[in-house]
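Participant: the following comprises the amino acid sequence and a computationally predicted model.
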Amino acid sequence: MNKNQSLPWDHPRFKSWVAVARACQLMQTVLTRELSGLDIKPPHLDILVNLYRFEGISQQELARKLLVGRSNMSMTLPQMEKRGLVERRGDQKDKRVLRLHLTQEGRAVAEEAMAIQTALIERTLSSTPIEQCHAMAESMERIILALQAENAEETEQA
């Protein structure tokens, strides 16, 4: 970096990036604390919510939705099965595929956890006008698309 270049923290995009990262990290910290009474962490919540919405998806589909590797799922799902939150069932048409389902206990924990998460989001964003929430979501979606495209290029080159 030479004397004529501005420092990164002086750049509006850098400031925005840092603010998003800090907000995400703090939200995860608070959410982790608030979910502790259910003995789950945010990654468990992500799985529970997705199985609540998309009952019967495969482990590979779930990993893709959560933007994590299948190995990540392979480590987390057995813990959740052992706790009685999730179960794997064979696919009716393709016996090689296992479908993921919430147990009755898993559904109850998912509902409690979603209520905790929703309350946290409401407390955090209640003073933010809905239009700003929409604009923020659109901005984050553009960032996600850009990063997914970059990640896909990186994967293709590897």
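Facilitator: Nice, I can see it.

Participant: every contact and neighbour count from this point should use C-alpha atoms.
Facilitator: OK.

Participant: give me every residue that touches Leu38.
Facilitator: 109, 113 (Cα atoms under 8 Å, 6 or more residues apart in numbering).

Participant: next, give phi and psi for it.
Facilitator: phi -90, psi 0 (degrees, to the nearest 10).

Participant: let me see the mean pLDDT of the one helix or strand Ile47 maps to.
Facilitator: In the assignment (DSSP states H and E), Ile47 maps to helix 42-53. The pLDDT scores in helix 42-53 average 96.

Participant: can you report phi and psi for Gln148?
Facilitator: Dihedral angles (degrees, to the nearest 10) for Gln148: phi -60, psi -40.

Participant: over to the one 3 residues further on?
Facilitator: Note on Asn151: its backbone torsions stand at phi -60, psi -40 [degrees, to the nearest 10].

Participant: ok, it - how many residues close by?
Facilitator: Counted with other Cα atoms under 10 Å, the neighbours of Asn151 add up to 12.

Participant: so what's it scoring on pLDDT?
Facilitator: At Asn151, pLDDT is 81.

Participant: could you do the one 3 residues further on as well?
Facilitator: At Glu154, the model reports a pLDDT of 71.

Participant: what helix or strand is it on?
Facilitator: Judged by DSSP H and E, Glu154 forms part of helix 130-157.

Participant: and that helix, how far from the chain's centre?
Facilitator: 14 Å (Cα atoms, centre = their mean, to the nearest Å).

Participant: ranges for the helices of this protein?
Facilitator: Counting by DSSP state H, the segments of the chain that form helices are 12-35, 42-53, 59-66, 70-82, 104-125, 130-157.

Participant: circling back: could you dump the helix holding Ile47 to CSV, C-alpha only?
Facilitator: Only the C-alpha atoms of helix 42-53 are listed here, as CSV (Å, rounded to 0.1, in the frame of the first residue of the first chain):
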residue,chain,number,x,y,z
PRO,A,42,-27.4,-21.8,15.8
PRO,A,43,-26.2,-24.6,13.4
HIS,A,44,-28.7,-27.0,15.0
LEU,A,45,-31.4,-24.3,14.7
ASP,A,46,-30.5,-23.9,11.0
ILE,A,47,-31.0,-27.7,10.5
LEU,A,48,-34.2,-27.8,12.5
VAL,A,49,-35.8,-24.8,10.7
ASN,A,50,-34.9,-26.3,7.3
LEU,A,51,-36.3,-29.7,8.2
TYR,A,52,-39.4,-28.0,9.5
ARG,A,53,-39.9,-26.2,6.2
